[in-house]
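>>> Below are the sequence and a predicted model; questions follow.
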Amino acid sequence: MARGMNVTVVRSKICGITRIEDALAAVEAGADAIGLVFYGKSPRAVSIEQAAAILQALPPFVTSVGLFVDMPRDQLQQLLQRLPLDLLQFHGDESPADCEGHGRPYIKALRVRPGEDVAAAMAPYAGARGILLDTFVEGVPGGTGASFDWSLVPENAAKPIILAGGLDAGNVATAIRQVRPYAVDVSGGVEASKGIKDAGKIRAFVRAVRDARCDGD
Ligand SMILES: O=C(O)c1ccccc1N[C@@H]1O[C@H](COP(=O)(O)O)[C@@H](O)[C@H]1O
C-alpha cells in the first residue's frame, strides 16, 4: 500500500520535458504525467511558446505539470492565463499562501536534508494535493540527480508522497519497495543530455515502476 494513500499502483512523472518528441515518448511508455520547468536557471527551462506546443501535442488523460521556483505571483498568473497546465509544482521556498489561489491544484516540493522531520515540514501545506520529496543540495533548487535518505519518509504521511531525486531505472524499484510512494518523479535519470530525454531510458524507467508493485504487505 502506498504511503499517504490506499493504492498499489505507483504513478510516474517524467519531468524536464523540452521537446514534443520527448513528451510523446513519455506518453507511449505509459507515464502518467509530464513536467515542464519554468525556472530560467534550469537547463530544462521552457518558454511559454515551447510549453504551449508541447501541451497541444499531449493526448487526453496525461497530467501536465508546471514546475516553478519562487516565481513572482503576477508572472505566474500571466503564464497560467496562456497555458492549460493541469497541476502546479512549487519547487522553491514558497509558503502555503504563495501556493494557494492560482485556480489550479498544486503539489509542494520539499527538499529533504539529513535528519529532516519530513512530517513536520509537510504539515503547513494542507491545501496541497501531494508532497514531492527531493534532495536538499545547497544553492540548487532541484534536478540535481542526487538522492536522499529514504528512511526519512514518514510511514503514515498525511498526503500522497511523490518521491524524487536521483531516481533511474536501476534504483526506482528499490525506492518503491522501501518508501511505497504514491508516485515517482524523474528528470536526469532518463536523459541523454541535459534537457534532452532518452526514449529507451524513459521506457525502462516506467517499466521498472510498473514491475515494482507495492502490494503484498
Ligand atoms: O529539473 C530541473 O532542472 C529542476 C530545476 C529546479 C527545480 C526542480 C527541478 N527538477 C525537479 O527535480 C527533481 C529531481 O530531479 P532528478 O531526477 O534528480 O534530476 C524532480 O522533481 C524534478 O521535477
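Sure thing, it's come through.
>>> Residues of the protein that sit close to the ligand?
Contact residues (CB under 6 Å from any ligand atom) of the chain with the ligand: 15-16, 35, 37, 39, 42, 44, 67, 69, 91, 132, 134, 141-145, 164-167, 185-189. (Glycine included, C-beta is placed from N, CA and C.)
>>> Could I have the ChimeraX command that selects the buried members from those?
Of these, the buried ones go into a single ChimeraX selection, burial set by 16 or more other CB atoms under 10 Å:
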select :15,16,35,37,39,42,44,67,69,91,132,134,141,142,143,144,164,165,166,167,185,186,187,188,189
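>>> Of the residues of the chain next to the ligand, which belong to strands?
Gly35, Val37, Leu67, Leu132, Asp134, Asp185, Val186 (DSSP state E).
>>> Helices along this protein, start to end?
Secondary structure of the chain (DSSP state H): helices at 20-29, 48-57, 73-82, 96-99, 118-122, 172-179, 199-211.
>>> how about the fourth one as CSV, C-alpha atoms only?
Right, the one you point to is helix 96-99. Taking Å, rounded to 0.1, in the frame of the first residue of the first chain, the C-alpha atoms of helix 96-99 are listed here in CSV:
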residue,chain,number,x,y,z
PRO,A,96,1.4,27.8,1.7
ALA,A,97,-0.1,31.2,0.9
ASP,A,98,2.2,31.5,-2.2
CYS,A,99,0.9,28.2,-3.5
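>>> tell me what that helix is packed against?
Applying 3 or more CB pairs under 8 Å, 6 or more residues apart in numbering; DSSP states H and E, we find helix 96-99 packed against strand 87-90, strand 106-112.
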